[in-house]
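> Any chance you could fold what I've pasted below:
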Amino acid sequence: MKRLLEQGANPSARLEEDWTALHVAAYMGFGEVCAMLIRERSEATAVTAAGLTPLHLSAKMGHVEAAQAILMATQTSSSTELREVLDAGDANGMTALHYATEREDEAMAELLLSYGASPTLSNHVGDSSFSLAADSSLYEVLRESIERKWGSLPPEFLPQWTVSLPILQHITLESDVSSLSDSLIDMEVSPSFFRPIGFLGKGAFGEVFLVEYEASGELFALKSIEKGRDMKQYLQTERNVLTRLDHPFIVRLHWAFQTTSHLYLVVDYCAGGDLSELLAREKALSEEVVQFYTAEIILAVEALHSENVLYRDLKPENIVLDQDGHIRLTDFGLAKEAMPAWAMTRSFCGPQGYFPPEMVRQQGHGRAVDWYMLGCLVYEMLTGVPPFRARESSRLYEKIQSGRLKFPRKMSLEAQDLIQCLLHIDSEERLGRNGAAEIKAHPFFEGVDWDRVLAKEVRVPLMPTHKQHCSLTGRRVFSDEDEQTESHVDGWNFSRGV
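Numbers count the residues shown, from 1 in each chain. Below you'll find the predicted structure:
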């Protein structure tokens, strides 16, 4: 790095999504490089397309040494700039201290506080670092910092009493249900808030039930997993991803809560079943229907990538249909967070028949993996079968790496070209390598008004058949035990409300 700078390299040059070399060094945890770049006048206040500063990235990734190097070098350069770096909020108003609090990273939080970070700054939804720390080990650290500044804890930061459920039951019938729901947004829910109705299915990460939210009568899908299972980390990933996203084509997380023995997620109930069930009935779908579903899927994946999340599990079973026939992506246990456009990972996961060649060769993969899986999905929707099939894994992987495809004669040339471009064996040449915009511009989507698609203003070409839930007989939805401190999973509980 020093040699490159001596040869005239621009330390503030912009990469994809407005990342600079300092952003990359902070993300990777290279403290000495961070300090060197700032000394060479790389801007510590520079932001990415998502509004992230280098300090944000070091805090998100838990790189204390990199954060310290940024703070020390910035303080030496300019006290005003140091204040800007500490107080900077990203696109969601999150400061570096917010991210340290979310991670329950005491070392990072104490470092930021020692340089003057404020635990009372709020993000765009009104949460300060201090309020986020209410149920974590960082509460005392942040409280002491506030008291040192104010002499005592100001009234607005004192714990607020929560209204109990029995009192809420006495709200008069004239009260609007929506206002009741709003009053519950900040309340932690529990099993008593839901009435189990039916069983929806069982996956690798737990069971899914249909429940009624008794305050409003609305139906939701409730995902349950035992706390002692090794799979808990996958549900944690799903919770983390869904708390950050609120998109029309991604299943919406409303609440996350826990009991002594289980973790729960309450998400949208999509009554139309999933695409695998639709394909089982229809065998194959028309190009009009496939264009409609694919357009909505592209917008959902684009939203994930904008949050630096890889999906990696795009398959018919994970695409559900709401009661109006629109798609929703679901199941984010295999998602990978903190993955900007240039980042690569080597995990071996996802639907086997949809593995891209770079994953099969274990060369590392990035965002192009999601667009490859989209190509597999388009092929399967149009033909009823995946593009590559074999009984033995070794033979399947040979076919994937060959990239040779067979198309039925009835498939249009536009559809064939879209699939071939998405399934390109070289991820650097694959359609979508430069973002979703180049996929949207493909001739297969000629005439598609993407703004109207996002607004759900395009006519649904195929109305779903509402799925029937199974009986609860012999199944236990909630344990009878109360949530106890020793089994509490910090940072799990979440409430967005109805």
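> contact partners of stretch 136-145?
The contact list for stretch 136-145, computed with C-beta atoms under 8 Å, 6 or more residues apart in numbering, reads 100-101, 104, 106, 109-110, 113, 119, 129-130, 133, 153, 490-491. For every residue, glycine as well, the C-beta is placed using N, CA and C.
> now these in a markdown table, with distance to residue 328 and pLDDT?
Compiled in a markdown table, the contacts of stretch 136-145 are given as follows (distance: C-beta to C-beta, whole Å; pLDDT from 0 to 100):
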| residue | distance to residue 328 | pLDDT |
| --- | --- | --- |
| 100 | 32 | 91 |
| 101 | 30 | 90 |
| 104 | 31 | 87 |
| 106 | 37 | 87 |
| 109 | 36 | 89 |
| 110 | 41 | 87 |
| 113 | 40 | 88 |
| 119 | 36 | 85 |
| 129 | 32 | 85 |
| 130 | 34 | 81 |
| 133 | 32 | 82 |
| 153 | 43 | 48 |
| 490 | 29 | 80 |
| 491 | 25 | 82 |
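> Is it possible to mark the buried ones in those?
100-101, 104, 109-110, 113, 119, 129-130, 133, 491 (16 or more other C-beta atoms under 10 Å).
> about what we covered before: and the contacts of stretch 136-145, which two are furthest apart?
153 and 491 (22.5 Å; C-beta to C-beta).
> thinking again about what came up before, taking the contacts of stretch 136-145 one by one, which sit in helices?
100-101, 106, 109-110, 113, 129-130 (DSSP state H).
> dump the residue contacts of residue 478.
191, 196, 259, 262.
> Now do the strands in the stretch 301-450 of the chain.
Here the stretch 301-450 of the chain has its strands, by DSSP state E, counting those that start in this stretch, at 319-321, 327-329.
> I misspoke; the intended subject was the stretch 101-250 of the chain.
Counting by DSSP E, counting those that start in this stretch, the strands of the stretch 101-250 of the chain are 194-203, 206-213, 218-226.
> possible to save the ones you listed as JSON lines with mean pLDDT?
As requested, the strands of the stretch 101-250 of the chain are exported to JSON lines (pLDDT from 0 to 100):
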{"stretch": "strand 194-203", "mean pLDDT": "89"}
{"stretch": "strand 206-213", "mean pLDDT": "91"}
{"stretch": "strand 218-226", "mean pLDDT": "92"}
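> Out of those, which gets nearest to residue 241?
Using C-beta to C-beta, the strands of the stretch 101-250 of the chain put strand 218-226 closest to residue 241, at 13.4 Å.
> how far is that closest one from where the chain is centred?
Counting by C-alpha atoms, centre = their mean, to the nearest Å, strand 218-226 is centred 18 Å from the centre of its parent chain.
> Adjacent strands (with direction) for it?
Note on strand 218-226: by DSSP bridges, its sheet partners are strand 206-213 (antiparallel), strand 262-268 (antiparallel).
> outside of that strand, which residues touch it?
Everything outside strand 218-226 that qualifies as a contact, by C-beta under 8 Å, 6+ apart, is 194, 196-197, 200, 205-213, 231-232, 235, 238, 251, 254, 261-271, 477, 498.
> can you rerun that using 6 Å?
205-209, 211-213, 235, 262-267, 269 (C-beta atoms under 6 Å, 6 or more residues apart in numbering).
> Just the closest of those residues to residue 376, please.
Comparing every one of these with residue 376 (C-beta to C-beta), the shortest separation belongs to residue 205, at 22.3 Å.
> Just the local confidence number for that closest one, please.
Model confidence at residue 205, given as pLDDT, is 68.
> Next, count neighbours for residue 272.
Neighbourhood size, residue 272 [other C-beta atoms under 10 Å]: 22.
> Outline the domain layout of the chain.
2-157, 184-271+475-495, 275-454 (automatic domain parsing).
> what about the longest one, average pLDDT?
For domain 275-454, the mean per-residue pLDDT is 93.
> First-to-last residue distance for it?
Domain 275-454 has an end-to-end distance of 20 Å (criterion: C-alpha to C-alpha, to the nearest Å).
> just how off-centre is it within its chain?
18 Å.
> The second one too?
For domain 184-271+475-495, the separation from the chain centroid amounts to 16 Å (computed by C-alpha atoms, centre = their mean).
> Skipping adjacent residues, who's closest to the most centrally placed residue in the chain in space?
The centre of the chain sits closest to residue 241, judged by C-alpha atoms, centre = their mean, with a distance of 2.5 Å. Distances taken as C-beta to C-beta, 6 or more residues apart in numbering place residue 332 nearest to residue 241, at 4.5 Å, with adjacent residues excluded.
> Buried deepest among the strands paired with strand 218-226, which one?
strand 262-268 (a mean of 23; mean count of other C-beta atoms under 10 Å).
> Other residues contacting that one?
Under C-beta under 6 Å, 6+ apart, the answer for strand 262-268 is 220-226, 235, 251-257.
> and it, average pLDDT?
93.
> Helix or strand next in line after it, which one?
The helix or strand immediately downstream of strand 262-268 is helix 275-282, counting by DSSP states H and E.
> Which parts of that following helix count as buried, going by neighbours?
275, 277-279.
> What separation do you get for residue 388 and residue 395?
10 Å (C-beta to C-beta, to the nearest Å).
> more neighbours, these two?
residue 388 (23 against 12).
> OK, contacts around the more buried one?
For residue 388, the contacting residues are 399-400, by C-beta under 6 Å, 6+ apart.
> For it, what are phi and psi?
phi -130, psi 130 (degrees, to the nearest 10).
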